[in-house]
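>>> sequence and predicted structure, then a few things I'm wondering about:
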2 protein chains.
Amino acid sequence: MNKKREGKTTSKIFDDHDHGICFDDAIEQIENYFLKKNLQFTPLRRKVFEILIKDHKPLGAYEILEALGRDGFSSSPPIAYRVLDFLMKHGFVHKIQGLNAFIACSNPNHSHSPAFVICRKCEKVAEVDERKSGISFASPNIENFEVEKTTVEMTGVCTTCSSAAIM
Amino acid sequence: MNKKREGKTTSKIFDDHDHGICFDDAIEQIENYFLKKNLQFTPLRRKVFEILIKDHKPLGAYEILEALGRDGFSSSPPIAYRVLDFLMKHGFVHKIQGLNAFIACSNPNHSHSPAFVICRKCEKVAEVDERKSGISFASPNIENFEVEKTTVEMTGVCTTCSSAAIM
DNA sequence: TCATAACATGTTATAACATAACACCTACTT
DNA sequence: AAGTAGGTGTTATGTTATAACATGTTATGA
Ligand SMILES: [Zn+2]
Ligand SMILES: [Zn+2]
Ligand SMILES: [Zn+2]
Ligand SMILES: [Zn+2]
């Protein structure tokens, strides 16, 4: 078991929403995308995505593997990593580098350079839009360098956590 | 041995410079800082910093350990991780999350939220100033969230690598 | 329809990265 | 002297990720 991840609280930037709709929408979007691109949305891939979007929580590969095992799938490491790589390649999953964890994308519609806000107390993670994030990618290209991928992660404490307890 | 890191080429954003001076300056700066803060710049800490600043290359903890071993220090993992944590805490070393590697800071003078440019071919890494990076932290605070630390890493291909070979 | 290529999943083993827990030593404090 | 804090060393283990190979499954297209 992983000792680090036990998220439990909520903050304003982690928007409340009707998760039934959210979940169904996400599944529908990925289904449509896979259909359009002639990719297979296999039971395994569907299950991994469902595990991740179930409660918007970043999960480690081995946590995903446990969940897969509980649902009757193989739970050897390459299974999870391969599916995660695939889903990441198509923008439906992102890796949170600071947590060695994976999270379902919150806006798979548009191509994006996601930024993440991570509460180090509750470990909730929000994927924020570049504009909302306070970070602007003024120029995607550094001089003499072609940027292909950006990683932006902001770690701190959300209001709920900072007001809830003595630091 | 680590198979991933074998950097060898050079790009414009990775500025050429008199590394003898650079090295000596860096050592002097860290010495002064430690003196001022009443911290111990022990042989071990000095050696780790020297290993890292030696050629401005990100090194994995186990590469650092090998180097320590070669220089007569203990090379069990906690040795490296402890010293690295200490040097990071004081801003003289940064971790490159995308590489699980550590690099000596390029501007330890001012407190900074470093951004890194990483060539995925030669694996050279440049620590760039926020302003030069094309990324601006317009507002360090997200609504309802206190940002304590930001991770910004831009991965791509440097001019030298992209012009050097067929992709 | 049969070969074949490409994709998908499964398995074993191992590599790579990181920390826990405890021991020992030194320097400083009271 | 006894106590405290900091630094280093050691053993063991925990956590994250990939290599290599086997098997099954799904297009494709002679
Ligand atoms: Zn939801
Ligand atoms: Zn996304
Ligand atoms: Zn230099
Ligand atoms: Zn720096």
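Yep, it's here. Ligands and ions are numbered 1, 2, ... in the order given.
>>> quick check: next helix or strand after the lowest-mean-pLDDT helix or strand in chain A?
Least confident helix or strand, chain A: strand A:135-137 with a mean of 56, by mean pLDDT, DSSP states H and E. Stepping forward along the backbone from strand A:135-137, the first helix or strand reached (DSSP states H and E) is strand A:145-158.
>>> in stretch A:145-155, what's buried?
The neighbour-count check on stretch A:145-155 (16 or more other CB atoms under 10 Å in any protein chain shown) flags A:145, A:147, A:150, A:151, A:152, A:153, A:154, A:155 as buried. (Each C-beta comes from the backbone N, C-alpha and C, glycine too.)
>>> how about stretch A:152-167?
A:152, A:153, A:154, A:155, A:156, A:157, A:158, A:159, A:160, A:161, A:162.
>>> give me the residues contacting stretch A:84-99.
Outside of stretch A:84-99, the residues that reach it under the criterion CB atoms under 8 Å, 6 or more residues apart in numbering or on different chains are A:4-5, A:30, A:33, A:37, A:39, A:45, A:48-49, A:52, A:58, A:60-61, A:64, A:101-105, A:108, A:111-112, A:114, A:116, A:118, A:123, A:125, A:127, A:151, A:153, A:155, B:97-98, B:151, B:153.
>>> closest to ligand 3 among the buried residues of stretch A:145-155?
Using CB to the ion, the shortest approach to ligand 3 within these belongs to residue A:145, at 18.9 Å.
>>> and the gap between that closest one and ligand 4?
Taking CB to the ion, to the nearest Å as the measure, residue A:145 falls 18 Å from ligand 4.
>>> quick one, helices of chain A?
Residue ranges of the helices in chain A, as given by DSSP state H, are A:19-36, A:43-53, A:61-70, A:77-89, A:130-133, A:159-164.
>>> do you know how far the residue nearest to residue A:161 when sequence neighbours are not counted is from ligand 1?
Across the structure, with CB to CB, 6 or more residues apart in numbering or on different chains as the measure, the residue nearest residue A:161 apart from its sequence neighbours is residue A:121 (3.8 Å). As defined by CB to the ion, residue A:121 lies at a distance of 21 Å from ligand 1.
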